[in-house]
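Colleague: requesting a structural model of the entry that follows:
(3 chains)
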Amino acid sequence: MLLAEGVSGPEKGGGSAAAAAAAAASGGVGADNSAEHSDYRAKLSQIRQIYHTELEKYEQACNEFTTHVMNLLREQSRTRPISPKEIERMVSIIHRKFSSIQMQLKQSTCEAVMILRSRFLDARRKRRNFNKQATEILNEYFYSHLSNPYPSEEAKEELAKKCAITVAQVSNWFGNKRIRYKKNIGKFQEEANMYAARTAVNAANASSHGSQANSPSTPNSAGSAGSFNMSNSGDLFMSVQSLNGDSYQGAQVGANVQSQVDTLRHVISQTGGYSEGLTANQMYSPQGINANGGWPDAPTPSSVTSPTEGPGSVHSDTSN
DNA sequence: AAAGATGATTGAGT
DNA sequence: ACTCAATCATCTTT
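Modeller: Below is the predicted model:
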């Protein structure tokens, strides 16, 4: 342990390198937090220094005590015979005592290092929110796959790359998002509206401009300037609703039909059944519309592209 | 400072 | 192996 942390290893020189290596090996997340690492390293070197000075002190004390005892024995040897074996025994006893003290020192140092590590390297303690763009990308995916928000491994990797985070973080994000969305759909309605409308508009633009079915990189072109006005979103709703009418569904190529279905379905259910008394669960629940939509099971382990969905009935429940 | 939001961890279930 | 649910620790907003 101490060796691994560079505490009991070589002196000052390679210590920081060893500490950095240990931190990187155990931290795993180590990417940009150089400032925190330097702080960590400083504390670690402090511990190392204390450890070494204490060790030196103990050694010195041990030597002093040994010579002291030796002198005593030598003095005694004038009055009574002392066998060299006895001297050896005494010395070994002294050394044993001091080595046990050293062990204690090592143990406490080890504890200090452990505390330091847990303090500095525990990911929960240095949590940083993702930047706006990353959350936008993630939300966009989430709300455009609302009927089955379980990204495949490849999708996760892609999202991770786009958002400059790890795949595990993507999984965490989706886990949190699913659970929190399901727990309180009402709280997420505005957000859902926003993203649904936006992706719907994007899709409409894409389909009207030609055949750019799937956007391979940075789909955040249009409204990412960051102004979420309710009146504005109302406008979007209207346009989307008219889009839903009947003229556009032919233009949409089947690439991301499912996401557009989600989007449209969401908007439709929004504009259609808006009543104040209802609870959030009833107002908009993809589970209610889609029998499978409750995401209870079937995380679709390997179906990245599933065009099997029949594009025949995009708007089966428009309900004029 | 309190409350809410959010990313990460943990334990259980499948 | 993956997800859910609860929880923690921190960040952000009020």
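Colleague: quick one, helices of the stretch 51-200 of chain A?
Modeller: A:84-121, A:132-144, A:153-163, A:167-183, A:189-209 (DSSP state H, counting those that start in this stretch).
Colleague: how much space between A:Y195 and A:K132?
Modeller: 14 Å (C-beta to C-beta, to the nearest Å). Backbone N, C-alpha and C define where each C-beta goes, glycine included.
Colleague: for the stretch 201-320 of chain A, which spans come out with low pLDDT?
Modeller: A:207-294, A:296-320 (pLDDT under 70).
Colleague: which pLDDT value goes with A:S45?
Modeller: For A:S45, the pLDDT comes out at 83.
Colleague: that one: how many residues sit nearby?
Modeller: Number of residues near A:S45 (other C-beta atoms under 10 Å) recorded here: 16.
Colleague: could you do the one 4 residues further on as well?
Modeller: Around A:Q49 there are 13 other residues, counting by other C-beta under 10 Å.
Colleague: helix or strand: which one has it?
Modeller: Element membership for A:Q49, per DSSP states H and E: helix A:34-79.
Colleague: returning to what we had before: of A:Y195 and A:K132, which one has the most company?
Modeller: A:Y195 (21 against 11).
Colleague: which residue, other than its chain neighbours, is closest to the more buried one?
Modeller: Leaving aside its sequence neighbours, A:Y195 sits nearest to A:Y143 (C-beta to C-beta, 6 or more residues apart in numbering; 3.8 Å).
Colleague: that neighbour reaches A:Q189, doesn't it?
Modeller: No: contact criterion C-beta atoms under 8 Å: A:Y143 and A:Q189 do not qualify, at 10.9 Å.
Colleague: near DNA strand B, which residues of the stretch 151-300 of chain A are found?
Modeller: A:165, A:168-169, A:172-173, A:175-176, A:180, A:187 (C-beta under 7 Å from any atom of the strand).
Colleague: do that again at 10 Å, thanks
Modeller: Contact residues (C-beta under 10 Å from any atom of the strand) of the stretch 151-300 of chain A with DNA strand B: A:163, A:165-166, A:168-177, A:179-180, A:184, A:187-188, A:191, A:297, A:299.
Colleague: filter these to the buried ones?
Modeller: The neighbour count (16 or more other C-beta atoms under 10 Å) marks A:163, A:165, A:169-171, A:173-174, A:177, A:188 as buried among those.
Colleague: picking up where we left off before, make JSON lines out of the helices of the stretch 51-200 of chain A and add distance to A:C62.
Modeller: Supplementary listing: the helices of the stretch 51-200 of chain A in JSON lines, determined by distance: least, C-beta to C-beta, whole Å:
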{"stretch": "helix A:84-121", "distance to A:C62": "4"}
{"stretch": "helix A:132-144", "distance to A:C62": "57"}
{"stretch": "helix A:153-163", "distance to A:C62": "55"}
{"stretch": "helix A:167-183", "distance to A:C62": "49"}
{"stretch": "helix A:189-209", "distance to A:C62": "67"}
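Colleague: which one of those helices lies nearest to A:E56?
Modeller: helix A:84-121 (11.0 Å; C-beta to C-beta).
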